[in-house]
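Colleague: below: sequence and its predicted model.
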Amino acid sequence: MKIIKTLKKLLDKTFWYRNWKKVVLGATVIAVFGMIVLLFIGGQRDVGAQEAGQQIVALAKNIRNRYKTRPDFWGLNTNEVIRKKIYPLSMNVVGNSLIGYFNNPVVVGADADGSTVMPTSRSFVIAYKGLNKQQCIGLASLKFDPDFWLGVSAMALQNDETSQKFDWGNKEFILPAKKDIVEKLCKGSNNNVVLHFE
């Protein structure tokens, strides 16, 4: 009976006319609360990408500092980074693997497989491997500082279905990568974000 009375009351026009201020206030409070929750969740999604991005920046800087007195990056690979402790303190080493913020392997070398950089090569790669879709989108579309991009020649997104390169000369796939394009390329799992440095 109480439910029927409440429904009748809500369907009555005079109820809405008398209480319109309360209804508007209640709807506004709910809308504001909903927006705050969405912003918080959206911000939390990017936190991991920010942390992983900071690791990439620190790792690239450490590598450059280590090799600055040499004419190239000869001999650089993941094992060398681990052995010489070139990686930032925020990264971990498990066995022979360098582990990044997302608890997945980070590979350093001449390519995404971590091949050793050969003599005269003045470039190297840092690859975050095995990312899920959200991690891939967050990291690949991360807005790094302009100074960081000066040392990046290209970025590739790789997974079981596609391999797409982003660089400065490609109008559709230009650096920094746009989020809407990255969202279409990142798959559910096993994504690699590969940054090419000079």
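Modeller: Arrived safely. Residues are numbered from 1 along each chain as shown.
Colleague: which residues touch Ala156?
Modeller: Ala112, Ser163, Gln164, Lys165, Phe166, Asn192, Val193, Val194, His196 (CB atoms under 8 Å, 6 or more residues apart in numbering). Every residue, glycine included, has its C-beta placed from N, CA and C.
Colleague: now the residue sitting nearest the centre point of the chain, what are its backbone angles?
Modeller: In the chain, the C-alpha closest to the average C-alpha coordinate belongs to Leu139, at a distance of 1.6 Å (CA atoms, centre = their mean). The phi/psi pair for Leu139 (degrees, to the nearest 10) reads phi -80, psi -40.
Colleague: in this protein, which segments are predicted with low confidence?
Modeller: Residue ranges of the chain with pLDDT under 70: 1-47.
Colleague: of the contacts of Ala156, just say which sits nearest to Ile56.
Modeller: Val193 (8.9 Å; CB to CB).
Colleague: where's the closest one relative to Lys171, distance?
Modeller: Separation of Val193 from Lys171 (CB to CB, to the nearest Å): 21 Å.
Colleague: compare these two (neighbour count), which wins?
Modeller: A direct count of neighbours by other CB atoms under 10 Å for Val193 and Lys171 places Val193 higher, at 29 against 5.
Colleague: tell me which element that one is part of?
Modeller: Element membership for Val193 (DSSP states H and E) is strand 191-197.
Colleague: let's see the ChimeraX selection covering just the buried ones among the contacts of Ala156.
Modeller: Buried residues among the contacts of Ala156 (16 or more other CB atoms under 10 Å), as a ChimeraX selection:
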select :112,164,166,192,193,194,196
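Colleague: from memory the residue nearest to the centre of the chain sits against Leu131, does it?
Modeller: Yes: using CB atoms under 8 Å, Leu139 is in contact with Leu131, at 6.7 Å.
Colleague: show me where the chain has its strands.
Modeller: Counting by DSSP state E, the chain has strands at residues 92-94, 97-99, 105-109, 124-131, 152-158, 163-167, 191-197.
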